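A.B. asks: How does the following fold in three dimensions:
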Amino acid sequence: MAGRPGLSRADLAAIGDPLPFRSPTPPQLPGYIPIETAVPCAEPFDDREWLFSVDWDGARALLFLDPGGSVRIQGEMVGDLARRFPDVSATASVKDGRGAVLDGVIAVLDREGRPDLAGFGRRLAAGAAAAAELPAVYLGFDVLHLDGRSTFAWPLDRRLDALRELTDQSDVLQAPDHVRGRGEALAAAAAGRGLVALLARRATAPYRPGVASPDRLRIALSNQTTCVIAGMVSRRRGGTRLILGEHVGGRLTFAGHVDGPHDRLVESWLAGQVAALKVASAPLDGVQPVNATWLRPALTATVRYQGRSAGGALLRPTLLAVRDDVDPVWCVQRPAVAGPIELNAGTRFSPTLLMPLPLGETAAPPRAGR
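C.D. replies: Predicted structure coming up:
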């Protein structure tokens with residue numbers, strides 16, 4: 001400022017600086033990002049243009065990491081999950097304090113590093129009170145925003161490179177590995193470890209927020225699905241049965257019954273949710289009330305089942321978790337597509353959380369129906 005023509009240092013001291021200099025404001029993180037979802041795929045496949053990873057069981061969530069250190073968690077149901085998972089929000093960070101938005105899953109793991117869906121359901125019901133008993137981890141698999149700009153248009157390969165640079169593989173924030181090309185071998189190895197699905201993504205694909213992307217495929221390794229809880233029926237010998245629904249052709253249709261939770265904590269939490277969700281008539285298309293408590297579609301149930309009836313209902317379902325983190329809109333019964341085929345060798349898969357899965361000449365897992 002002393003070099004301003006016509007003004008001495010004494011003049012500047014007398015009048016002050018008429019043009020105070022301020023540093024630019026750092027770029028802000030976006031407020032909300034709709035997630036990209038997967039299309040169901042009929043069976044594992046090999047293709048060098050695709051990257052394969054485990055589809056981890058848990059709450060799909062975006063992690064908003066502000067350069068200043070604050071963390072926000074956005075779930076499928078839009079709400080901020082940071083208060084329910086303080087063990088994630090209080091300790092998650094990336095290298096060099098950079099601003100980023102990660103796409104991933106909040107999971108509870110068993111002792112072998114596999115997702116514990118029953119434990120996750122209990123953690124959802126208890127919230128922060130169960131953080132010590134059932135600690136959560138965040139498994140990141142994409143970067144959607146970095147250093148003040150969107151990365152949607154970047155190819156997946158580039159986004160995964162950025163993710164590896166950002167994460168330091170802490171106990172809370174991890175970036176599990178993927179394998180290129182060898183989907184069939186990974187499926188066999190994952191099925192042998194009791195994992196329920198793979199995620200296949202085209203290496204050159206952009207991120208498509210808010211849609212089911214044809215470049216993102218979910219390959220089921222077991223009969224497991226998540227349905228809307230449309231209602232409840234009290235059982236004569238105590239407990240409840242949940243009435244399940246799935247969206248078919250734009251309508252919520254009957255998908256079967258499943259026995260309600262036997263865990264007292266989850267049962268109590270569910271009872272509290274029901275009180276606020278009761279509706280007078282059945283939300284299911286074509287179903288008439290039969291001494292049932294009908295609910296506004298807001299809760300979901302993840303179940304394992306033994307196939308489907310001719311009408312599409314689930315056969316002998318078993319309840320794994322009652323949840324409020326899944327958007328019921330995505331509980332859709334969709335036919336699986338055939339994946340692209342191109343036999344080609346790839347690299348070994350060395351997941352962060354599991355013991356390395358052997359990708360040798362193993363038998364393919366049994367096909368799983370929707």
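
A.B. asks: Would you agree P115 is in contact with A107?
C.D. replies: Yes - if you go by Cβ atoms under 8 Å, P115 and A107 touch, sitting 4.9 Å apart. Any C-beta I mention is one placed from the backbone N, CA and C, and that applies to glycine too.

A.B. asks: so what sits against both of these two?
C.D. replies: Counting by Cβ atoms under 8 Å, 6 or more residues apart in numbering, the shared contacts of P115 and A107 are W56, D57, G58.

A.B. asks: What subset of those residues is buried?
C.D. replies: By neighbour count, with 16 or more other Cβ atoms under 10 Å, the shared contacts of P115 and A107 hold W56, D57, G58 as buried.

A.B. asks: For those residues, please prepare CSV with the additional fields pLDDT, secondary structure and distance to A175.
C.D. replies: Shown next, in CSV, are the buried ones among the shared contacts of P115 and A107 (pLDDT from 0 to 100; DSSP: H, G, I helix; E, B strand; the rest coil; distance: Cβ to Cβ, whole Å):
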residue, pLDDT, secondary structure, distance to A175
W56, 95, coil, 12
D57, 94, coil, 17
G58, 95, coil, 15
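
A.B. asks: Just put those residues in CSV and tack on distance to V71.
C.D. replies: Shown next, in CSV, are those (distance: Cβ to Cβ, whole Å):
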residue, distance to V71
W56, 20
D57, 22
G58, 17
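
A.B. asks: tell me which of the residues you listed is nearest to V290?
C.D. replies: D57 (32.5 Å; Cβ to Cβ).

A.B. asks: Look up how far L244 lies from the nearest residue to that closest one once chain neighbours are set aside.
C.D. replies: Excluding its sequence neighbours, the residue lying closest to D57 (Cβ to Cβ, 6 or more residues apart in numbering) is P115, at 3.7 Å. To L244, P115 is 21 Å away according to Cβ to Cβ, to the nearest Å.

A.B. asks: And V322, by the same measure?
C.D. replies: Taking Cβ to Cβ, one finds V322 at 11 Å from L244.

A.B. asks: What of I73?
C.D. replies: 28 Å.

A.B. asks: For these two, work out which one has more neighbours and name it.
C.D. replies: Comparing I73 with L244 by other Cβ atoms under 10 Å, the one with more neighbours is L244, at 28 against 21.

A.B. asks: quick one: the helices in the chain?
C.D. replies: Applying DSSP state H to the chain gives helices spanning 9-15, 86-89, 117-126, 156-166, 183-192, 264-277.

A.B. asks: May I see the buried residues of the fifth one?
C.D. replies: Going back to what we said before, that points to helix 183-192. Across helix 183-192, burial judged by 16+ other Cβ under 10 Å covers G183, E184, A185, L186, A187, A188, A189, A190, A191.

A.B. asks: Same list, those residues, but as JSON lines with pLDDT please.
C.D. replies: Below are the buried residues of helix 183-192 laid out as JSON lines (pLDDT from 0 to 100):
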{"residue": "G183", "pLDDT": "96"}
{"residue": "E184", "pLDDT": "96"}
{"residue": "A185", "pLDDT": "96"}
{"residue": "L186", "pLDDT": "96"}
{"residue": "A187", "pLDDT": "97"}
{"residue": "A188", "pLDDT": "96"}
{"residue": "A189", "pLDDT": "95"}
{"residue": "A190", "pLDDT": "95"}
{"residue": "A191", "pLDDT": "95"}
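
A.B. asks: and the residue positioned nearest the centre of the chain, bridged to which residues?
C.D. replies: Nearest residue to the geometric centre of the chain (Cα atoms, centre = their mean): R60, 1.8 Å. According to DSSP bridges, the residues that bridge with R60 are V105.

A.B. asks: With R218 instead?
C.D. replies: P40, L199.

A.B. asks: Can you give me the pLDDT of it?
C.D. replies: Listed pLDDT for R218 reads 96.

A.B. asks: how close does it sit to L173?
C.D. replies: For R218, the distance to L173 - Cβ to Cβ - is 23 Å.

A.B. asks: who's more crowded, those two?
C.D. replies: A direct count of neighbours by other Cβ under 10 Å for R218 and L173 places L173 higher, at 23 against 17.

A.B. asks: residues in contact with the nearest residue to that one once chain neighbours are set aside?
C.D. replies: Computed as Cβ to Cβ, 6+ apart, the closest residue to L173 that is not its neighbour in sequence is A92, at 4.6 Å. A92 makes contact with L63, L65, V71, Y138, V172, L173, according to Cβ under 8 Å, 6+ apart.

A.B. asks: Nearest spatial neighbour of the fifth one, chain-adjacent residues omitted?
C.D. replies: When you say that, I think you mean V172. Leaving aside its chain neighbours, V172 sits nearest to T91 (4.7 Å; criterion: Cβ to Cβ, 6+ apart).

A.B. asks: my guess is that neighbour contacts D168, does it?
C.D. replies: No - in this structure T91 lies outside contact range of D168 using Cβ under 8 Å: 11.6 Å.

A.B. asks: How about the backbone phi and psi for the nearest residue in space to M77 that is not next to it in sequence?
C.D. replies: Nearest residue to M77, sequence neighbours excluded (Cβ to Cβ, 6+ apart): D327, at 5.8 Å. The phi and psi torsions at D327 (degrees, to the nearest 10) take the values phi -70, psi 120.

A.B. asks: What are the buried residues along stretch 165-175?
C.D. replies: Buried-residue list, stretch 165-175, by 16+ other Cβ under 10 Å: L166, T167, V172, L173, Q174, A175.
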